[in-house]
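Participant: Predicted structure and sequence below. I'll ask about it afterward.
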Amino acid sequence: MAMWVFGYGSLIWKAGFHFDDRLVGFIKDYRRVFYQGSTDHRGTPEYPGRTVTLEPAEGEVCWGVAYKIIRKEDQEAALEHLEVREKQYDMKAYLDFFTEPTATTPAISNVLVYIASADKKLNKNYLGPASFEEIADQIVHAEGPSGPNRDYLFKLETALIQIGCEDEHVNDLADEVRHIVLKRGTDHLMKTGVH
């Protein structure tokens, strides 16, 4: 029996495991939010980055990709990879996956999704909501073993555009981060006297 895994963050552009098929689609009643702290990839324990998780949101949809994995050995390897990669995500859910916006019947049921819960007892890296400006500023300054946090945001923005998804939250956040980086660069040039 095939296994399906839904990616809504970095899994969209970098699966990291063998898969047999990849479908673009969405899950219902969730939205993508930058509420999860990253202390192992895009930040440090002293200065965590922000990565996406899912938040229940009735009537909303979260676009991403679902990966089909057929062979048992590939499924085991994928799960082993994901358990390490997604170790800061404390919940697994099995959700319906849709490919057509008007569909009432899912294209695939029981798609595995990793979610970082808002429960601080189970998820010590949950950062939660903050102002738009605070989230953007944290993304600008955070950096970890996988690189700058802003690269994660920009890659997510690009990956969503490539699959034909318009995510206003991601796009607006990316624009704000670009604005901060540009302003910081301009301020630095003014302080050093380079024009």
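Facilitator: Right, received. Where do you want to start?
Participant: And the strands in this protein?
Facilitator: Ranges of strands within the chain are 3-7, 21-38, 49-69, 91-97, 108-115, 143-144, 147-148, based on DSSP state E.
Participant: who wins for proximity to Leu160 among those?
Facilitator: Nearest to Leu160 among those is strand 49-69 (6.8 Å), distances taken as Cβ to Cβ. All C-beta atoms are positioned from the backbone trio N, CA, C, and that covers glycine.
Participant: what pairs with that closest one, and is each one parallel or antiparallel?
Facilitator: strand 3-7 (antiparallel), strand 21-38 (antiparallel) (DSSP bridges).
Participant: so how far is that strand from its chain's centroid?
Facilitator: Relative to the mean C-alpha coordinate of its chain, strand 49-69 is positioned 7 Å out (Cα atoms, centre = their mean, to the nearest Å).
Participant: If you count neighbours, what's buried in it?
Facilitator: By 16 or more other Cβ atoms under 10 Å, the buried positions in strand 49-69 come out as 49-55, 61-67, 69.
Participant: Kindly report the same for stretch 175-185.
Facilitator: The neighbour-count check on stretch 175-185 (16+ other Cβ under 10 Å) flags Glu176, Val177, Arg178, Ile180 as buried.
Participant: Surely the last one touches Gln138?
Facilitator: No: using Cβ atoms under 8 Å, Ile180 is not in contact with Gln138, being 10.5 Å away.
Participant: before we move on, the earlier item: just the ones of the buried residues of stretch 175-185 in helices?
Facilitator: Among the buried residues of stretch 175-185, DSSP state H puts Glu176, Val177, Arg178, Ile180 in helices.
Participant: List the contacts of the last one.
Facilitator: Applying Cβ atoms under 8 Å, 6 or more residues apart in numbering to Ile180 gives the contacts Ala136, Asp137, Val140.
Participant: Please name the bridge partners of Val111.
Facilitator: Taking DSSP bridges as the rule, Val111 bridges to Leu95.
Participant: what's the burial count for it?
Facilitator: 23 (other Cβ atoms under 10 Å).
Participant: how close does it get to Pro148?
Facilitator: Note on Val111: its distance to Pro148, by Cβ to Cβ, to the nearest Å, is 30 Å.
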